[in-house]
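Chemist: sequence first, predicted coordinates after that:
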Amino acid sequence: MQDIIIERGIKSFIFLFLLLSLPTKAQDRFRVMFYNTENFFDCTHDSLKNDYEFLPNSMHHWTRDRVYQKALHIAQTIAAVGEMTPPALIGLCEVENDSCMYYLLHRSPLRQMDYQYVMTHSADERGIDVALLYQRGMFSLLQKDSIRPHFPWKSFRPTRDILHVSGLVITGDTLDVFICHPPSRMGGLKASEQARMYVAALLHNYADSLMSCRQHPQILIMGDFNDYPDSKSVNEVLDAKEPSDSIAPHRLYDLMTDKIKNKSFGTYKYHGEWNILDQIIVSGSLLLPQAAMHTSKADAHIANCPFLLEKDEKYFGIKPFRTFYGMKYQNGYSDHLPVYADFRLLF
C-alpha cells in the first residue's frame with residue numbers, strides 16, 4: 001500500500017511540474033475556481049477547536065506526510081483547472097488554518113505561482129474556514145472582512161464566517177468576492193435548512209447593500225452551499241436565478257443552475273446520486289456582453305479531471321476520489337469536484 005501511495009505521489013508531482021513548465025499565454029481571460037478541499041487540516045492540535053480526528057495519534061493517523069500529500073493534491077487540482085494559465089482567484093473551503101495555507105503556498109509547487117491569500121478565523125467548532133487565493137498581477141486587494149453569522153436559535157452550532165474581499169481587477173473595475181460555506185445537512189435536511197437560509201439571507205443583505213452603494217457593482221459569490229441551485233436558500237432567499245435572455249445588472253444569477261438538469265454528473269455524489277452543492281453566483285452586471293469583464297453560464301464548468309474521479313463500486317459509474325473512505329486512507333483528493341468559470345476581459 002505504501003508503495004502505491006509513493007508512486008501516486010511521484011506521478012502527481014511530475015504531472016504538476018509539467019503543467020507549471022508550460023509557457024504562459026497572454027492574459028485574455030480571468031478564470032475563477034472554487035474547491036471544497038475535504039478536511040485540509042494540519043496535524044497539530046488547536047486547544048480551542050475539536051480537531052482530534054486529524055492528529056497523528058487519531059484514527060485517521062493524520063501525519064505531516066499526509067498533510068504535505070494533501071497540499072500537493074490541492075496544488076495539482078489548481079494547476080489542472082488553470083490549464084495554461086493559473087486561475088486568477090481560487091476560493092477554498094474546509095481549510096483549518098494559516099499553517100495549511102503555508103503548506104499549500106510554500107511547500108508545494110504552487111510556490112512558483114506567487115499566490116497571496118486571505119482567510120477567515122471563524123467560530124466553527126471543528127476549526128475549518130474558507131480562504132481566497134489571488135494572483136497579485138490580476139487582482140489587487142483593497143479590503144477584506146469576515147462576516148459572522150449569529151444564529152438567534154441556541155440549537156445551531158457556530159458555523160463558518162463568510163469571507164468578503166474587495167479588489168481591483170486588471171480592467172480597473174472593483175470586484176467584490178464572497179466565499180461561503182453554510183452549515184451542512186447533518187441532522188437532517190429540515191432540521192438544518194433554517195441555518196442555511198439564515199446565512200443566505202445574511203449574504204443577500206450584504207450583496208444588496210453593495211449594489212446600492214457601488215456605482216458599478218460587480219459581485220462574485222463562490223461556495224459550497226450544502227444546498228442545490230433550486231433549493232430554497234439559494235433560489236429564493238439569496239434570490240440567485242438562472243441566467244436568461246433578460247439580465248438585470250443589480251440581480252444575482254447562479255451559473256450552475258442549468259447543470260442540475262444533468263442527473264449523471266455534479267460536484268458531489270451521495271448514495272449514488274450526483275448533485276451540485278458548489279455554486280458560482282454573479283451579479284447581472286458581470287453577464288452583460290458589453291461589460292469590460294463578463295461571463296456567461298456557458299463559461300461555467302465542473303472540473304472532471306480523470307485523477308479526481310474513481311470507479312463507484314457500490315452504485316456504479318464514477319465518483320469523486322476522496323481522501324478517506326470511512327477510516328481508510330485512500331490518498332485521494334476530495335469528496336467534491338471543483339467548479340470554475342471564465343470571464344472575458346475587454347481593454
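Modeler: Now that the structure is in, tell me what you want to look at.

Chemist: tell me the contacts of Asp254?
Modeler: Taking C-beta atoms under 8 Å, 6 or more residues apart in numbering, we find Asp254 in contact with 229, 234-235, 240-242, 279-281. (Glycine included, C-beta is placed from N, CA and C.)

Chemist: for Arg251, state which of these is nearest.
Modeler: Of all those, Arg251 sits closest to Lys241, with 7.0 Å by C-beta to C-beta.

Chemist: against Phe151, how distant is that closest one?
Modeler: Separation of Lys241 from Phe151 (C-beta to C-beta, to the nearest Å) stands at 27 Å.

Chemist: sorry, back to before: out of the contacts of Asp254, list just those in strands.
Modeler: Counted as lying in strands by DSSP state E, out of those, are 240-241, 279-281.

Chemist: the residues you listed: which two are farthest apart?
Modeler: Lys241 and Ile280 (13.7 Å).

Chemist: about what we covered before: looking at Lys241 and Phe151, which is more packed in?
Modeler: Lys241 (18 against 15; other C-beta atoms under 10 Å).

Chemist: touching stretch 191-199 from outside, list them.
Modeler: 149, 151, 153, 156, 159, 162, 180, 182-186, 225-227, 231-233, 237.

Chemist: and these, which of them are buried?
Modeler: With neighbours counted by 16 or more other C-beta atoms under 10 Å, the contacts of stretch 191-199 contain buried members at 149, 156, 159, 162, 180, 182-183, 185, 225-227, 231, 233, 237.

Chemist: now the two most distant members of those.
Modeler: Ile162 and Arg185 (18.7 Å).

Chemist: and the gap between the nearest residue in space to His45 that is not next to it in sequence and Cys43?
Modeler: Distances taken as C-beta to C-beta, 6 or more residues apart in numbering put Leu55 closest to His45, at 5.8 Å, once the chain neighbours are dropped. Separation of Leu55 from Cys43 (C-beta to C-beta): 6 Å.

Chemist: who's more crowded, these two?
Modeler: Cys43 (21 against 17).

Chemist: which ones are touching that one?
Modeler: Per C-beta under 8 Å, 6+ apart, neighbours of Cys43: 54-56, 62-64, 66-67.

Chemist: doesn't it belong to a helix?
Modeler: No. Under DSSP: H, G, I helix; E, B strand; the rest coil, Cys43 sits outside any helix and is assigned coil.

Chemist: so how far is Gln69 from the residue nearest to it when sequence neighbours are not counted?
Modeler: Ranked by C-beta to C-beta, 6+ apart and with sequence neighbours excluded, the top spatial neighbour of Cys43 is Trp62, at 5.0 Å. Relative to Gln69, Trp62 is positioned 11 Å away (C-beta to C-beta).

Chemist: what sits in contact with each of Leu55 and Cys43?
Modeler: Counting by C-beta under 8 Å, 6+ apart, the residues touching both Leu55 and Cys43 are Trp62.

Chemist: thinking again about what came up before, so which of the contacts of stretch 191-199 sit within strands?
Modeler: 162, 180.

Chemist: now do the helices in the stretch 51-200 of the chain.
Modeler: 64-82, 98-106, 189-213 (DSSP state H, counting those that start in this stretch).

Chemist: deepest in the core, which of these is it.
Modeler: Comparing the helices of the stretch 51-200 of the chain on average neighbours per residue, with mean count of other C-beta atoms under 10 Å, the densest one is helix 64-82 at a mean of 21.

Chemist: check which helices and strands that helix is in contact with.
Modeler: Here helix 64-82 touches helix 2-21, strand 29-40, helix 98-106, going by 3 or more C-beta pairs under 8 Å, 6 or more residues apart in numbering; DSSP states H and E.

Chemist: that helix to helix 98-106, inter-axis angle?
Modeler: Calculated by axes from the mean of the first three to the mean of the last three C-alpha atoms, to 10 degrees, helix 64-82 forms an angle of 60 degrees with helix 98-106.

Chemist: for the nearest residue to Thr257 once chain neighbours are set aside, what are its contacts?
Modeler: Distances taken as C-beta to C-beta, 6+ apart place Glu242 nearest to Thr257, at 3.7 Å, with adjacent residues excluded. Counting by C-beta under 8 Å, 6+ apart, Glu242 makes contact with 229, 253-254, 257-258, 297.

Chemist: tell me the pLDDT at Glu242?
Modeler: pLDDT recorded at Glu242 is 96.

Chemist: same question, Arg107
Modeler: As predicted, Arg107 sits at a pLDDT of 94.

Chemist: for it, which residues are in contact?
Modeler: By C-beta under 8 Å, 6+ apart, the neighbours of Arg107 are 68, 71.

Chemist: could you pull up phi and psi at it?
Modeler: When read as degrees, to the nearest 10, the backbone of Arg107 gives phi -120, psi 10.

Chemist: how close does it sit to His45?
Modeler: 20 Å.

Chemist: any weak-confidence spans in the stretch 51-200 of the chain?
Modeler: Nowhere does the stretch 51-200 of the chain drop to pLDDT under 70.

Chemist: what about the nearest residue to Pro56 once chain neighbours are set aside, neighbour count?
Modeler: Using C-beta to C-beta, 6+ apart and skipping residues adjacent in sequence, the residue nearest Pro56 is Thr63, 5.1 Å away. Using other C-beta under 10 Å, Thr63 has 14 neighbouring residues.
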